[in-house]
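Colleague: curious how this folds, go ahead:
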Amino acid sequence: MTLRSIDELERAAAQGWQAPVQEWLGGWLLRAADGFTGRANSALAVGDPGAPLGEAVHEVRAWYRARGLPAMIAVAYPTGKPEASGLDRFLAGHGWAVRSGAAVVMTAHAAALAPAGVDAALRVEMSDQPGDEWLSRYHYRGAEQLPAVARHLLCSAPWQAFGAVQAGGRTVAIGRVAVSGEWAGLTAIEVDPAWRRRGLGAAITSALAALAAERGARGVYLQVAVDNEPARALYRRAGFTDHHGYHYRVEP
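Modeller: Below is the predicted model:
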């Protein structure tokens, strides 16, 4: 597929993880979800906000304060080059700090992600809803318990599916795919520590990508922490390449 712009891919990703409270500020999308995940609680600053930059940033701050949340703006930029973003330079000049957890968005052709070899007894089972066992395996940023809003976010895409691998009577690996148009996003790929290095992560990834391709998706994207080089190397071997980076600027 033709390489899409950063703005186009960010808009597609926003469709795959939709906060319960959303409002447009020109071309910017303001999102709130009780503080759970950066993407669902930040302003997606893509396109023209319909006002001078200083006024738009003021509106963002007021919107989040009204909801008891710190104002946060997601800033996307060419991989490794945040200084290329005029918005990032503006926010930095006004004291907005970078929140920890900068990420890189990686993409691949859905049809190019070959099925991963894994023991047939450990096949990936699919569902259109995250069951209790699936949810118990999902540890966002190490959290032991998910907030109630998590289920809303997980089921907020135009279409999504949840993959799981069972072994010994329990769920040992999970993953989610969300399809919006020709893009499919992979999130929540987790493997039980005792079952790592057995190809389960790759098996989940390829199975979800194949399912997305059946739904008409041509490209697959995922987000990986910039400093998680082992994961980035794993996804490169699977066929992914860096598309762009992003981080969050938080109001002073």
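Colleague: what's the longest helix in the chain?
Modeller: Ranked by residue count, the top helix of the chain under DSSP state H comes out as helix 200-214.
Colleague: buried residues, that helix. List them.
Modeller: Under the neighbour-count criterion of 16 or more other C-beta atoms under 10 Å, helix 200-214 has 200-213 buried. Bear in mind the C-beta positions are built from the backbone N, C-alpha and C, glycine included.
Colleague: all helices of the stretch 1-150 of the chain, in order?
Modeller: Using DSSP state H, counting those that start in this stretch, the helices of the stretch 1-150 of the chain run over residues 6-15, 53-65, 86-93, 132-137, 149-154.
Colleague: which parts of the stretch 1-150 of the chain are strands?
Modeller: Along the stretch 1-150 of the chain, the segments classed as strands by DSSP state E, counting those that start in this stretch run 21-25, 28-32, 43-44, 72-77, 97-98, 103-109, 124-127.
Colleague: would you reformat the ones you listed as TSV and include mean neighbour count, mean pLDDT and distance to residue 52?
Modeller: Formatted as TSV, those follow (neighbours: other C-beta atoms under 10 Å; pLDDT from 0 to 100; distance: least, C-beta to C-beta, whole Å):
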stretch	mean neighbour count	mean pLDDT	distance to residue 52
strand 21-25	14	98	12
strand 28-32	23	98	13
strand 43-44	25	98	16
strand 72-77	23	98	15
strand 97-98	14	98	23
strand 103-109	21	96	28
strand 124-127	15	95	47
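Colleague: and of those strands, who's closest to residue 224?
Modeller: Nearest of the strands of the stretch 1-150 of the chain to residue 224, taken as C-beta to C-beta: strand 103-109 at 5.7 Å.
Colleague: what does the closest one contact?
Modeller: 1, 9, 13, 76, 79, 209, 218-226, 232, 235-236, 238-247 (C-beta atoms under 8 Å, 6 or more residues apart in numbering).
Colleague: can you do 6 Å?
Modeller: For strand 103-109, the external contacting residues (C-beta atoms under 6 Å, 6 or more residues apart in numbering) are 79, 219-226, 235, 239-240, 242-246.
Colleague: narrow those residues to those in helices?
Modeller: Among the contacts of strand 103-109, DSSP H puts residue 235 in helices.
Colleague: and the nearest residue to residue 221 once chain neighbours are set aside, bridged to which residues?
Modeller: Nearest residue to residue 221 in three dimensions, chain neighbours excluded: residue 107, at 4.8 Å (C-beta to C-beta, 6 or more residues apart in numbering). Residue 107 has these beta-bridge partners by DSSP bridges: residue 221, residue 241.
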